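need a structure here:
(one chain, ligands or ions: 1)
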Amino acid sequence: MKKVFLTGSTGIMGLEAVKRFAEHPDEIELYALARPGKKNEDKLAPYADKINIVWGDLTDFDLLTASMEDMDYVCHVGALLPPLADDFGAEATMRTNYGSTLAMLRGIKKFHQEEKTHFVYIGTVEEVGHRSPPMHWGRIGDPLQPPVYCYYALSKIASERAVAESGLKYWASVRQSFQNPSNPIAAEYPIIGMQPDDNCSEHIDCESSGNLMVEIVRNAPDEFWGNAYNLGGGEGFRFTNYDFIKALHGDFRKDFDPKWIATRNYHGHFFMDSDKLQELVPYRLKTPQQFLKDELMHQIKLIKAKGGPRLTPEQNKEQKKEILLKKGGTLYYLEQGDEEAIKVYYGSRELYEQIPESWDDIPVYVPDPNPTVMDHGYDETKPVSELGLEDMQKAAQFRGGKCLSESMNKGEMFLPLRWQCALGHEFEAKPNTILKLGHWCPECLTGEWDYFTQAKVNPYFAQGWDYLHSKEEPYTVKMECDAKAIEKLFEE
Ligand SMILES: [Zn+2]
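Okay, the predicted model is just below:
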């Protein structure tokens, strides 16, 4: 029997995982963490006789630590995510998402299970941040550039790093992308104005995502562990925002004026490497046709459930405008004259002014199928077993810093080295975390978002920033909470 601890078990992906774990009661003993309450009791009731429910939440650190005893697998799916995370605030988001990860890692160490417990972390495409065309293709190892104001992405980067650096023998991070169906709540939030119509994303259905957890526990080969993966459906699941809505018989441009939509600071790209996960752990359940059909049926169901009279296109647009006027919406910021937010979402007021009034003056973007490949700063054609100190020094230099360690056994990607970033911060990290996963200085992701400075001193980081921001006036944004504040809670 494999003992599995699952978080987020009543969420969209988690519940799909529960359903599938419950199909293997002879093989898997599932412990599903769920927040107490009638709604969650009802959700889990159909599986209650085949699983164990652990009632609690992600901020109950002692419970999480204690729950690790004897666990063979942890699937950390649960998180507080946007737009709800924005309501709860920076501290709650960091505490829930990052604190829970630290609490479980603490538990695994407390019970000396570093070689037993397999930790599957669910990261996010938001770790990489905004990737407008022509940088709309990406892969694991690209620089991490979480959107400004997004504590969810910060918490996911810090968590992924903690897992990768934990010293566990078996861990993996799976970066979730645009999962459908998405939380219908999001349609009522100003986030609807944050995604440009040419934003590229690779979707996946929640059934496949849930299935992935079960397939990892049942069948993941040895080479799966110790790495991060992009979770996406592959070719056929890649859409611009405009095309996706079109495929569902809608029209993004009818719902919004061009100036209402942010042009920066979102997230999403096409994955050059998402098939790798499918090859290692086959998990995809749907064809693109089935995926779109199911999504369409789901949306029709939502509209029916909502009831009320059918809105005219004008009423519909008016309703969208009202949502964008809510706190945190693009129109809200513009109305308030919040110059900082205008810079974050549009680059500058001037660039905002330059956006045409009519969509007629903005061609529909047809995605370039040829990936623009980012440089990771080392010779990727070399076998990993050949990578040595010189390669580390080269990679560090491309990041504007140094590798301070004076020796490294060739190919030893999982022994920590000392590094220094361009701003003089020193830190320890495994070569794998830096070269393969795209992490760099943790200190530079605390205190404030200062991407202009980082792009100036770090050519690796600049690849994802300069092409879109080089003509802008630099700005920094103070963080209300950061990874360091959460780490303090775990100091002995
Ligand atoms: Zn730094």
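
Ramachandran angles for Gly424?
Main-chain dihedrals, Gly424, degrees, to the nearest 10: phi 90, psi 0.

Contact partners for the residue lying closest to Leu280 once chain neighbours are set aside?
Spatial nearest neighbour of Leu280, excluding adjacent residues (Cβ to Cβ, 6 or more residues apart in numbering): Phe224 at 4.9 Å. The C-beta positions use only the backbone N, C-alpha and C, and glycine is treated the same way. Phe224 makes contact with 172, 216, 280-281, according to Cβ atoms under 8 Å, 6 or more residues apart in numbering.

at 7 Å what do you get?
Taking Cβ atoms under 7 Å, 6 or more residues apart in numbering as the criterion, Phe224 is in contact with 172, 280-281.

tell me which of the residues you listed is nearest to Gly37?
Proximity of the contacts of Phe224 to Gly37 (Cβ to Cβ) peaks at Ala172, which lies at 30.9 Å.

Can you report how many residues lie near Gly141?
Applying other Cβ atoms under 10 Å, we find 18 residues neighbouring Gly141.

Three-state assignment for it, please.
Here Gly141 is coil, with the state taken from DSSP: H, G, I helix; E, B strand; the rest coil.

Just the buried ones from the contacts of Phe224?
Taking 16 or more other Cβ atoms under 10 Å as the criterion, what is buried in the contacts of Phe224 is 172, 280-281.

restrict those to those near the ion?
Restricting those to those within reach of the ion (Cβ under 5 Å from the ion) leaves nothing.

can you put these in a markdown table and add secondary structure and pLDDT?
Shown next, in a markdown table, are the buried ones among the contacts of Phe224 (DSSP: H, G, I helix; E, B strand; the rest coil; pLDDT from 0 to 100):
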| residue | secondary structure | pLDDT |
| --- | --- | --- |
| Ala172 | strand | 98 |
| Leu280 | helix | 98 |
| Val281 | coil | 98 |
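
For the ion, see how far away Glu448 is.
For Glu448, the distance to the ion equals 12 Å [Cβ to the ion, to the nearest Å].

what residues are up against that residue?
476-479.

Also Gln179?
Residues in contact with Gln179 (Cβ under 7 Å, 6+ apart) are 12-13, 204, 206, 209.

The residues you listed: which two are farthest apart?
By the measure Cβ to Cβ, Ile12 and Ile204 form the most distant pair in those, at 11.3 Å.

and these two? which has more neighbours close in?
More crowded of Ile12 and Ile204, by other Cβ under 10 Å: Ile204, with 26 against 16.

helix, strand or coil for that one?
strand.

Quick check: bridge partners of it?
Per DSSP bridges, the residues bridged to Ile204 are Gln179.

any idea what sits nearest Gly233, other than its immediate chain neighbours?
Nearest one to Gly233, counting by Cβ to Cβ, 6+ apart, is Ile204 at 4.8 Å.

That should have said Tyr365, apologies.
Asp198 (3.6 Å).

residue contacts, the one you found?
Applying Cβ under 7 Å, 6+ apart to Asp198 gives the contacts 132-133, 240, 242, 365.
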